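Undergrad: Sequence plus predicted model, see below.
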Amino acid sequence: MAMLELYGSARCPYTQELREWLEWTRRDFTEYDVEADSEARARMNALDSSVRTVPVLVEDGKVIQVGWQGRGCIVGSD
């Protein structure tokens with residue numbers, strides 16, 4: 001089964017909406033708050049250094065979605 005990772009922010013409503021969709025569709029995933037966890041932010045940036053918007057959905061180590069329904073929250077750089 002594919003491993004899903006959700007990179008987001010606690011203050012981002014689109015992260016919440018994507019989380020709720022994943023839960024609704026009964027997908028297993030691991031969530032990281034990139035504003036509270038600098039290591040998670042570093043992993044997200046390593047996947048795609050151009051990404052400054054959350055939520056980011058990663059499947060098996062590849063970015064498959066940035067934002068939720070065309071919307072997202074910009075996170076600051078280190």
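TA: The structure has been received and is ready for your questions.

Undergrad: Give the buried residues for the longest helix along the chain.
TA: Criterion DSSP state H: the longest helix present in the chain is helix 13-24. Residues 14-15, 18-19, 22 are the ones in helix 13-24 that count as buried (16 or more other C-beta atoms under 10 Å). (Each C-beta comes from the backbone N, C-alpha and C, glycine too.)

Undergrad: The next helix or strand after that helix: partners in the sheet, and parallel or antiparallel?
TA: Sequence-wise, the next helix or strand downstream of helix 13-24 (DSSP states H and E) is strand 29-33. For strand 29-33, the pairing partners within the sheet under DSSP bridges are strand 4-8 (parallel).

Undergrad: so for stretch 15-28, what's the average pLDDT?
TA: Stretch 15-28 carries an average pLDDT of 97.

Undergrad: Stretch 61-70 too?
TA: Stretch 61-70 shows a mean pLDDT of 94.

Undergrad: what about dumping the CA coordinates of it to CSV?
TA: The C-alpha coordinates for stretch 61-70 follow below in CSV (Å, rounded to 0.1, in the frame of the first residue of the first chain):
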residue,chain,number,x,y,z
GLY,A,61,8.4,9.9,-1.7
LYS,A,62,6.9,11.9,-4.6
VAL,A,63,4.9,15.1,-4.5
ILE,A,64,1.5,14.3,-5.9
GLN,A,65,-0.5,17.4,-4.9
VAL,A,66,0.3,20.9,-3.7
GLY,A,67,-2.6,22.8,-2.2
TRP,A,68,-6.2,21.8,-1.9
GLN,A,69,-8.8,22.5,-4.6
GLY,A,70,-6.5,25.2,-6.0
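
Undergrad: Need the residues that contact that stretch.
TA: 14-15, 17-18, 21, 47-48, 51, 53-58, 72 (C-beta atoms under 8 Å, 6 or more residues apart in numbering).
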